[in-house]
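**Student:** quick one, what's the 3D model for this:
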Amino acid sequence: MEVLGIDIGGSGVKGAPVDIEAGEFTQERLRIPTPRPAEPGPVAEVVAEIVAHFGWTGPVGVTFPGVVMDGVVRTAVNLHPSWVGVNAAELFGGASVLNDADAAGLAEMTFGKGRGERGTVLMLTFGTGIGSALFVDGTLVPNTELGHLELHGKDAEQRASDRAREEHDLGWHEWAKRVREYLKHVEMLFSPSLIIIGGGVSKKADKFLPHLHLDTPVIPAELENQAGIVGAARAAVRPSGQPDSDSAMSES
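**Tutor:** The predicted structure follows:
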């Protein structure tokens, strides 16, 4: 079965049809820059443009960079405050809408490095901000938003996101020190058995992972920055928002 997945990010809105049984794109991804300002109307127009580009009439899953509860946006730190209270599911024509990091985590737990992992698994996506997806024995704890944990009096993502690396012109080793400090903090809070690093930066994992040195294993995501689209598509036909737990847990 094919489902259209759309991933709304701080810098770009990306979409592609997905084979939800294989976790793979069936057509080339389309990326459109996120409108500025990133208000509901202009972003919805971009989402509609992606739907039209693929001539899509079937189910659609959409990620959002903030807390989403029953399709309603509760926070939108990296987009625009006018999103708060918006029923995004209605705005996007009845699409399934969920937190972007949760979608990426669901994809990675179903098709990637988290498949079959028991215990507490934490996926963190480093991009415009820091997204988080927390799983306990394969079950998602939604909307954790651990990028907003406080470090040095400010949100952790202001120090350790990929955007912070670029804005402060940090080398990989220097940025890795900030990431390690953040990871040590979440390690202390959650005692995970595995930490998976996702987002676009996961493609350059060899530049910073060797400098982290945590007690918890830290590995790059297998799906890299495709995970949000894949997870959005998968969630559109699994309203519970959980990975395919039967196949995921049977391998462990």
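
**Student:** going along the chain, name the helices of this protein.
**Tutor:** Taking DSSP state H as the criterion, the chain contains helices spanning 40-53, 88-91, 100-111, 157-160, 162-167, 172-190, 227-236, 245-250.

**Student:** which neighbouring elements make contact with the longest one?
**Tutor:** Using 3 or more CB pairs under 8 Å, 6 or more residues apart in numbering; DSSP states H and E as the contact criterion, the neighbours of helix 172-190 among helices and strands are strand 120-126, strand 130-136, strand 150-151, helix 157-160, helix 162-167, strand 194-198. The C-beta positions use only the backbone N, C-alpha and C, and glycine is treated the same way.

**Student:** which residues touch residue 75?
**Tutor:** 66-67, 84, 145 (CB atoms under 8 Å, 6 or more residues apart in numbering).

**Student:** re earlier: adding mean pLDDT, mean neighbour count and distance to residue 13, write the helices of the chain out as TSV.
**Tutor:** Formatted as TSV, the helices of the chain follow (pLDDT from 0 to 100; neighbours: other CB atoms under 10 Å; distance: least, CB to CB, whole Å):
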stretch	mean pLDDT	mean neighbour count	distance to residue 13
helix 40-53	98	16	5
helix 88-91	98	19	13
helix 100-111	96	30	11
helix 157-160	95	22	20
helix 162-167	96	17	17
helix 172-190	97	17	26
helix 227-236	96	31	10
helix 245-250	43	13	29
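
**Student:** from residue 73, how far off is the closest residue to residue 173 other than its chain neighbours?
**Tutor:** Nearest residue to residue 173, sequence neighbours excluded (CB to CB, 6 or more residues apart in numbering): residue 211, at 5.6 Å. Counting by CB to CB, to the nearest Å, the separation of residue 211 from residue 73 is 36 Å.

**Student:** okay, the two: which has more neighbours?
**Tutor:** Using other CB atoms under 10 Å as the criterion, residue 211 and residue 73 rank with residue 73 on top: 24 against 14.

**Student:** who touches the more buried one in this structure?
**Tutor:** 64, 66-67, 83-88.

**Student:** which one of these sits closest to residue 164?
**Tutor:** residue 66 (18.4 Å; CB to CB).

**Student:** tell me how many other residues surround that closest one.
**Tutor:** Residues within reach of residue 66, counting by other CB under 10 Å, total 22.

**Student:** name the nearest residue to the residue sitting nearest the centre point of the chain, ignoring sequence neighbours.
**Tutor:** The chain has residue 101 as the residue nearest its centroid, 2.4 Å off, counting by CA atoms, centre = their mean. Distances taken as CB to CB, 6+ apart put residue 131 closest to residue 101, at 2.8 Å, once the chain neighbours are dropped.

**Student:** among the contacts of residue 73, who's most crowded?
**Tutor:** Going by other CB under 10 Å, residue 64 tops the contacts of residue 73 with 29 neighbours.

**Student:** excluding its backbone neighbours, what's nearest residue 26?
**Tutor:** Of all residues not flanking residue 26 in the chain, residue 17 sits nearest, at 4.7 Å (CB to CB, 6+ apart).

**Student:** so the one you found sits right up against residue 2, yeah?
**Tutor:** Yes. Assessed by CB atoms under 8 Å, residue 17 is found in contact with residue 2 at 4.9 Å.
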